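S.K.: coords please:
(4 chains)
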4 protein chains.
Amino acid sequence: MSTQMTVEEMQSFIEKAFKKCTIRVVELGDMYSLIEQETDDYNLRPGGTVSGPTLMTLADTGLYTALLAQIGPVALAVTTNLNINFLRKPEPGLIRAETKLLKLGKRLAVGEVTITSNNDPDPVAHVTGTYSIPPR
Amino acid sequence: MSTQMTVEEMQSFIEKAFKKCTIRVVELGDMYSLIEQETDDYNLRPGGTVSGPTLMTLADTGLYTALLAQIGPVALAVTTNLNINFLRKPEPGLIRAETKLLKLGKRLAVGEVTITSNNDPDPVAHVTGTYSIPPR
Amino acid sequence: MSTQMTVEEMQSFIEKAFKKCTIRVVELGDMYSLIEQETDDYNLRPGGTVSGPTLMTLADTGLYTALLAQIGPVALAVTTNLNINFLRKPEPGLIRAETKLLKLGKRLAVGEVTITSNNDPDPVAHVTGTYSIPPR
Amino acid sequence: MSTQMTVEEMQSFIEKAFKKCTIRVVELGDMYSLIEQETDDYNLRPGGTVSGPTLMTLADTGLYTALLAQIGPVALAVTTNLNINFLRKPEPGLIRAETKLLKLGKRLAVGEVTITSNNDPDPVAHVTGTYSIPPR
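M.R.: Numbering: from 1, shown residues only, chains lettered A, B, ... in the order given. Next up is the predicted model:
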C-alpha cells in the first residue's frame, strides 16, 4: 500500500490544521510515520524534563499523520482513545515519534507510537491510540 | 483528610511550574480538585473543536493538583500512565476538569478526571492516570 | 431511557453466551449495571488475592450487560479497548462491578466500572472500556 | 542481561501459581517472553471467537513471565495497569503472546504484548501493562 500524501503535503497539512505547530514530518511509509520536534522552554516542566502534554501532543500527531498517509487528508478523523506510558525522564532537545499502525479498519484505526529523545535508543514514552474514521 | 495547600497556593505553584499556564484552580478538597480553562485559538483543531492535547493537558494538571493538594508541593511527582477516552465533540469556551483520586498510596496515586465544556453535564472526555510519588 | 432487558433476561443471556459463567446480574438501570461473583480457588493468585484476569472478566461483563440493557441482546457487540487500574489487594469472597456508561453512540459505547470486594467501599480496581456496536 | 529462570523453571512456576493453567512457556530472553495456549470451549464467546478475558489472561501472564525471567521468581510482583486494544476477530486454535519489556526500573516495569492466533502475522490484540515490583 503506497501513501496517499507526500512528506511535504503532510507538513503543509498539519501546519494549516494546528496553529503554532513546530512539528516536522520526517518520513511517511506503509502504515508508518516518523515526526520530530525541538523542545523549547514552553515544553518543559519542573525538574527540567519535557512535559507530558508535549509528548502526548507529539504522539497524537504521529498517529494522525500515519493514518492520513494511508487514507488521505481527512481532517475530521478524531482520536477516541489514547493511552501513554511514561518510561524515562526525557531530556530537552530533539524528540521523535515513530508510529506504526496496527490496524486500519473501515471505522477504526489503532496504532502504537514510540517516543525517543536526542536519539537515545531507550524510549521515553510509549503510546497506543485509536482514531475514528468518518464515513467516506 | 484536609488539604495541604490552599487554592491560592496551588494557583501560584502551577504558574511557576508551567510557563504560559492559563489554567485556573477553582476548588481543592479531600482527594479532589476542580480546575478550568478558557480555550483560545491555539487550543482548536480542524472542525472547530478543542484539541485532544488541550484536554490531555488539562486532565494531567487536574491529577497533579488533586495529588499535590493531599501531599503538598512535591514538584517531582511524575505521571507514569494516562489513559483518555474522548466522548463528545467539545465546544470551544470554558472547559473544566473534575478530578477524584481513587488511590493514594506511598508510591503510586491513581485518579480519574471528568472533563466538561461550557457546563454541559455530558462529559467530553474521561481520563484515568497514575502518578509516581518520589520517596519522602 | 428504560432498559431493553430485565435482570432475569440478562442472566439467562450471559449464561448462554459464556460457558461456566458464575456471574450474577444484580441490577440494571439507565446506562447502568451491577453484577457480582463469588470467587473460588480458580480465581486466586499467589498471595491469596483475586487474580487480575478474574477482575478483568468481571469488568468486561459489567460493560457488556450495561450496554445490552440499553440496546437489547446484540451478542456481537465487541470490546475494542479496555483499560484497568488495580488499586488495592482484593480479598477473596464477593466481588462486585458497578458499571456506568459514559457514552452511548451509534458506533461506540464507553463506560467505566468500579470493582469492590466484600462490600468494602474502597474500590479494588477501576476500569474504562469501549464497545463497538454492530450496524443495526 | 541473561535470564534468571529457564523455560522449564518458569513453566513449573506458573503451574504452581495459577490453578488449571494451560499456558505453555515457549521462549524466554532478554526483556522478552513468548508463551502460547490452545483455546478450548471455555475460551470462546458468541460469534465463535476467543473471549477478551482469555486474551487478557494470556497477556498478563506474558508480562509476568517476561518480568520474572529478568528478576527471578518474585511471585508478589503485581499488575498495576493493563491496557488492551482488540484488533481483529481471533480464530480459536493456537494463540501466542510475545512480550517485550520496555522498561525495567526498581519499582515499575512496563511492557508491551502482541497476541496472534494460528500464526497469522496480523495481531489480534495489542497490550501494554505495568507491574509493580516489591522491594527486594
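S.K.: Quick one: residues contacting A:Thr57.
M.R.: B:Pro53, B:Met56 (Cβ atoms under 8 Å, 6 or more residues apart in numbering or on different chains). C-beta coordinates here come from the backbone N, C-alpha and C atoms, glycine included.
S.K.: Near chain D, which residues of chain A are found?
M.R.: Contacts of chain A with chain D, taken as Cβ under 8 Å from any Cβ of the partner chain, map to A:Asn83, A:Asn85, A:Leu87, A:Arg88, A:Leu102, A:Lys103, A:Val110, A:Glu112, A:Pro123, A:His126, A:Thr128, A:Thr130.
S.K.: Just put those residues in JSON lines and tack on distance to A:Glu36 and pLDDT.
M.R.: Converted to JSON lines, the residues of chain A next to chain D look like this (distance: Cβ to Cβ, whole Å; pLDDT from 0 to 100):
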{"residue": "A:Asn83", "distance to A:Glu36": "22", "pLDDT": "98"}
{"residue": "A:Asn85", "distance to A:Glu36": "20", "pLDDT": "98"}
{"residue": "A:Leu87", "distance to A:Glu36": "18", "pLDDT": "97"}
{"residue": "A:Arg88", "distance to A:Glu36": "18", "pLDDT": "95"}
{"residue": "A:Leu102", "distance to A:Glu36": "22", "pLDDT": "98"}
{"residue": "A:Lys103", "distance to A:Glu36": "25", "pLDDT": "97"}
{"residue": "A:Val110", "distance to A:Glu36": "23", "pLDDT": "98"}
{"residue": "A:Glu112", "distance to A:Glu36": "17", "pLDDT": "98"}
{"residue": "A:Pro123", "distance to A:Glu36": "14", "pLDDT": "97"}
{"residue": "A:His126", "distance to A:Glu36": "17", "pLDDT": "98"}
{"residue": "A:Thr128", "distance to A:Glu36": "20", "pLDDT": "98"}
{"residue": "A:Thr130", "distance to A:Glu36": "23", "pLDDT": "98"}
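S.K.: Pick out the residue of chain A closest to chain C.
M.R.: Per Cβ to the nearest Cβ, A:Asn81 is where chain A lies closest to chain C, at 5.2 Å.
S.K.: got the residues of chain A near chain B?
M.R.: When proximity is defined by Cβ under 8 Å from any Cβ, chain A lies next to chain B at A:17-20, A:41-42, A:44-47, A:51-53, A:56-57, A:60, A:75-76, A:78-86, A:89.
S.K.: Narrow those residues to those that are buried.
M.R.: Neighbour counting with 16 or more other Cβ atoms under 10 Å in any protein chain shown marks A:17-18, A:44-46, A:51-53, A:56-57, A:60, A:78-86 as buried within the residues of chain A next to chain B.
S.K.: Chain A against chain C: which residues are in contact?
M.R.: Residues of chain A lying near chain C (Cβ under 8 Å from any Cβ): A:Thr80, A:Asn81, A:Asn83, A:Arg107, A:Leu108, A:Thr130, A:Ser132.
S.K.: mind listing which of these are in strands?
M.R.: If you go by DSSP state E, those have A:Thr80, A:Asn81, A:Asn83, A:Leu108, A:Thr130, A:Ser132 in strands.
S.K.: Spit out the contact partners of the second one.
M.R.: Contacts were defined as Cβ under 8 Å, 6+ apart; by that measure A:Asn81 touches A:Gly129, A:Thr130, B:Asn83, B:Ile84, B:Asn85, B:Phe86, C:Asn81, C:Thr130.
S.K.: element containing the fifth one?
M.R.: Assigned by DSSP states H and E, B:Asn85 belongs to strand B:78-86.
S.K.: so how far is that strand off the chain centroid?
M.R.: In terms of Cα atoms, centre = their mean, to the nearest Å, the centre of strand B:78-86 is set 11 Å apart from its chain centre.
S.K.: okay, and the helix or strand of chain A with the least pLDDT?
M.R.: One helix or strand of chain A scores below all others by mean pLDDT, DSSP states H and E: strand A:44-45, with a mean of 82.
S.K.: Okay, now the sheet partners of that one, with direction.
M.R.: Partners of strand A:44-45 in the sheet, by DSSP bridges, are strand A:49-50 (antiparallel).
S.K.: And the furthest pair within the ones in strands among the residues of chain A next to chain C?
M.R.: Pairwise distances across those peak at 15.6 Å for A:Asn83 and A:Ser132 (criterion: Cβ to Cβ).
S.K.: So in chain A, which helix runs the longest?
M.R.: Among the segments of chain A that qualify as a helix by DSSP state H, the longest is helix A:52-71.
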